[in-house]
Each structure stands twice: as structure tokens, then as C-alpha cells.
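Visitor: Okay, here's the prediction I keep looking at, along with the sequence it came from:
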Amino acid sequence: MPSSVASSSDAIAVQMLGILNEVGNALVKRHDWSALTKEGTFTTVAAETQVAAVTTTFTDFDRYKPDTMFNRTTVKKVFGPLDNTEWQAQKAITVTPAYSYFRFRGGAILFLPTPTAGESVYFEYIARNWCQSSGGTAQSAFAADTDTGILGEELLTLGLVTSWQQAKGLEYGESFRRFEMRLAQDSAQEGAKPTLDMGSRPWRLPEGNIPEGSWS
């Protein structure tokens, strides 16, 4: 076996690296990983187009996380993303909408109605960079032997084994089962999850930070 994989010309090493990168890119699409969740922000301009090129402004952008776009200046939610029919319907209405709406189109973020310039809008998105360099720079593919996975490396390894066996026409049923079980486990356990209690009132912080009793 070659001493280096990333710089090797060995056919097997090249194919394994290619398959590993395919597995990593596929895993990005399989779950909204908290490790890949990032916050994006932009300042509004007095125009319909707010972000002309999403993937240029946010270079690691893969997809928007639903219901996360808020205007922190007005302290209001920006509703959307609207689909093509909803957007055109709003455009056809002559009355200015009471709420702000947005849409992704042609790689851009559009707002309706035109907002006031200078307002701060924030949202969350899933990044496409699933691995990183030894220095911590996020990447969308392994480029050096010292790179590490942002997603679980055991999961990546199981995915590599499964895809390699499939590509070579080998039996891969058991490997596929182990990979899918690990994917289900990792996606269920990664990040913080709220407690769902169907039998009693769940504990939560008192609203307004007011004690529940002993007010005297």
C-alpha cells in the first residue's frame, strides 16, 4: 500500500479517496447535522434582491434550515421561503403585505416588500463542508492525509467500506446494514435534543424569570 493516499497515483488509493469524498458529500444530505449548522447574516438594502449570490456570500452554503430567518432590527420573522406560485401571487397584490416574505431564486435571496436599508437579518443553514484540515479549516473533500472528518470518522469508514464493496461487485449487505444503523444512531444522538414527555408537564424555565411561588 502507498505511504500516502491523498498524493498517491495508485489506482486503488485514488478510487478509495474518491469514494470516501462521495460518502461524505452524501452524508451532508442525509441529516441536518448540528456540527454542520451555521448562522448566516446580511444587512438589508432597499431593493428586492438582498443577497445576489448565496453561495458566494456564504461559500459553504448547502441548504437553508426552515423557519430560522428573522429580522433582529424589527424583531420580526421573515416568512418563507415562498414557492413560485406564492411569490407571484404576492407580487400581483397591489396592497403592501403586512409581513416580510423571502424567496430563493436563481441563487439569490429576494425580499417582499422591499425592506428598509440597514436592518440585520439572521438565519441558519447547513454547511457542505464535512471535513477539515489539520489546521481546522473546513473542507468539502479530503485533500491531505492529515485531514479529519467533522462528521464521525467511524461513520465515514463504514460508508467507505459499503460503497467500496458495492463498486467492486462484492456482497455488501452486512456492511450496508451496519452503516445505516450507525447513521441512524449518530443522527439521533448528535447535538442537543429537547425532552419529549407525554405523561407530565415538562420542566422548563419560568416565563419572564418569575418564580412559581413564594412571591413574598
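Guide: Done, it's in. Small disclaimer: the values here were computed from a predicted structure and weren't measured. Numbers count the residues shown, from 1 in each chain.
Visitor: So for stretch 111-126, what gets flagged as buried?
Guide: 111-112, 115, 119, 121, 123, 125-126 (16 or more other CB atoms under 10 Å). Placement of C-beta: from N, CA and C, glycine included.
Visitor: all helices for the protein, in order.
Guide: Remark: helices assigned in the chain by DSSP state H are 11-30, 54-57, 84-92, 153-167, 173-189.
Visitor: From the contact counts, what lies against the longest one?
Guide: Right, the one you point to is helix 11-30. Applying 3 or more CB pairs under 8 Å, 6 or more residues apart in numbering; DSSP states H and E, one finds that helix 11-30 contacts helix 153-167, helix 173-189.
Visitor: what comes up buried for it?
Guide: Neighbour-count burial for helix 11-30, with 16+ other CB under 10 Å as criterion, is recorded at 13, 16-17, 19-21, 23-24, 27-28.
Visitor: Need the max-distance pair from the residues you listed.
Guide: Ala13 and Val28 (23.5 Å; CB to CB).
Visitor: circling back: which one of the helices and strands packed on helix 11-30 is the most hemmed in?
Guide: helix 153-167 (a mean of 18; mean count of other CB atoms under 10 Å).
Visitor: Show me what the nearest residue to Leu36 once chain neighbours are set aside is bridged to.
Guide: Using CB to CB, 6 or more residues apart in numbering and skipping the chain neighbours, the partner closest in space to Leu36 is Ala127 (4.7 Å). Beta-bridge pairing for Ala127 (DSSP bridges): Phe61.
Visitor: and Ala127, what is it in contact with?
Guide: 36-38, 60-62, 138 (CB atoms under 8 Å, 6 or more residues apart in numbering).
Visitor: ok, 10 Å please
Guide: Each residue near Ala127 by CB atoms under 10 Å, 6 or more residues apart in numbering is listed here: 28, 33, 35-38, 40, 58-63, 138, 140, 150.
Visitor: shaky segments in the protein?
Guide: The model of the chain has pLDDT under 70 over residues 1, 196, 199-216.
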